[in-house]
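Chemist: no sequence on hand, only this structure:
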Ligand code: UDP
């Protein structure tokens with residue numbers, strides 16, 4: 001039986017496909033390629049170009065392939081865009097997941113692992129954050145991800161479909177082979193933006209706010225390597241295959257770094273000065289987001305392999321240096 005990876009041409013999806021293939025699994029990838037890249041799909045995966053909102057296309061795929069479980073990354077994921085175009089997020093994230101679950105139920109596929117987010121918590125009441133802390137998203141992206149989690153819960157009650165929701169903190173880094181990595185357009189994430197400076201694509205890095213109640217005034221985040229996230233999806237699907245219950249897990253390293261500490265790390269890794277410019281805070285940015293991943297370690301047996309920020313930034317730098325235009329050939 002194959003594993004179906006929806007959104008397998010995107011950043012976290014493509015890395016998960018690489019890890020699955022390395023583990024000897026049979027993998028089918030579906031992606032509409034609106035933000036993903038065909039070149040990011042592992043050559044050993046069977047690829048279907050489709051949109052999960054297209055019920056006929058999803059049905060046809062599930063009829064043609066023998067799918068044992070689904071890993072679902074096919075969603076819009078930009079916080080800023082979710083605030084200016086919320087209905088796009090309802091349509092793609094909730095509409096898409098509704099169609100997908102309808103088709104899975106109709107075809108008797110009863111296991112799904114999917115991307116949720118630390119944005120489901122909103123402004124945390126304490127750090128590190130645990131899974132039973134309050135969920136009060138401050139942006140529409142987080143709201144739709146939390147609603148996806150709830151949709152799965154009701155679907156399980158009615159139809160017995162079990163799920164694992166993985167709440168990622170700050171995904172970063174690239175595959176150690178540097179064949180795939182992060183490529184967003186527009187790019188909004190800290191580490192790829194920092195690395196545009198030594199890559200000659202940006203003069204300086206804008207730092208969004210230096211007056212937060214943190215050790216140097218800049219925001220603290222928990223940076224977790226994309227290959228560690230990928231491993232967690234495999235463990236979560238194995239957990240469901242063993243008959244494990246539906247559940248929600250945080251995925252992070254449990255260590256917070258300030259924006260300035262990330263920039264300093266990138267300076268050491270790249271040997272470049274990386275000038276900065278202080279800017280006003282970005283709307284909706286919490287001061288600190290740090291995960292407790294004790295539950296994922298305990299129940300899934302997950303152990304992140306990349307615990308050094310220097311190593312994480314090093315893999316990102318190898319990718320960006322060798323692919324300055326991402327997957328586009330210019
Ligand atoms: N950030 C920044 N300058 C940038 C991009 C991001 O100072 O050009 C900060 C941002 O305010 C946040 C942290 O870097 O505190 C991580 O931002 P990112 O967008 O990578 O992830 P988020 O935490 O928003 O999911």
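Modeler: Great, that's in hand. Bear in mind that the values here come from a model prediction, so they are computed numbers and not experimental data.

Chemist: from here on, just use CA atoms for contacts and neighbour counts.
Modeler: Noted.

Chemist: Three-state assignment for residue 277, please.
Modeler: strand (DSSP: H, G, I helix; E, B strand; the rest coil).

Chemist: residue 125: neighbour count?
Modeler: Counted with other C-alpha atoms under 10 Å, the neighbours of residue 125 add up to 10.

Chemist: do you know how far it is from residue 287?
Modeler: Per C-alpha to C-alpha, to the nearest Å, residue 125 is found 11 Å from residue 287.

Chemist: ok, now residue 67?
Modeler: The gap separating residue 67 from residue 287 is 42 Å, by C-alpha to C-alpha.

Chemist: the two: which is more packed in?
Modeler: Set residue 67 next to residue 287 and count neighbours by other C-alpha under 10 Å: residue 67 wins out with 22 against 19.

Chemist: quick check on the nearest residue to residue 215 once chain neighbours are set aside: phi, psi?
Modeler: In space, and not counting its chain neighbours, residue 215 is closest to residue 258: 7.8 Å by C-alpha to C-alpha, 6 or more residues apart in numbering. Torsion angles at residue 258 (phi, psi; degrees, to the nearest 10) stand at phi -80, psi 160.

Chemist: so residue 258 makes contact with residue 213?
Modeler: No: using C-alpha atoms under 8 Å, residue 258 is not in contact with residue 213, being 11.1 Å away.

Chemist: neighbour-wise, which of the two wins?
Modeler: Legend: neighbour count by other C-alpha under 10 Å for residue 258 and residue 213, higher for residue 258 (19 against 12).

Chemist: contacting residues for the more buried one?
Modeler: 214, 215, 216, 218, 219, 220, 221 (C-alpha atoms under 8 Å, 6 or more residues apart in numbering).

Chemist: go on, residue 58?
Modeler: Taking C-alpha under 8 Å, 6+ apart as the criterion, residue 58 is in contact with 50, 51, 52, 100, 103.

Chemist: next, format those residues as JSON lines and append pLDDT, distance to the ligand and secondary structure.
Modeler: Formatted as JSON lines, the contacts of residue 58 follow (pLDDT from 0 to 100; distance: C-alpha to the nearest ligand atom, whole Å; DSSP: H, G, I helix; E, B strand; the rest coil):
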{"residue": "50", "pLDDT": "98", "distance to the ligand": "27", "secondary structure": "coil"}
{"residue": "51", "pLDDT": "98", "distance to the ligand": "25", "secondary structure": "coil"}
{"residue": "52", "pLDDT": "97", "distance to the ligand": "25", "secondary structure": "coil"}
{"residue": "100", "pLDDT": "98", "distance to the ligand": "26", "secondary structure": "helix"}
{"residue": "103", "pLDDT": "98", "distance to the ligand": "31", "secondary structure": "helix"}
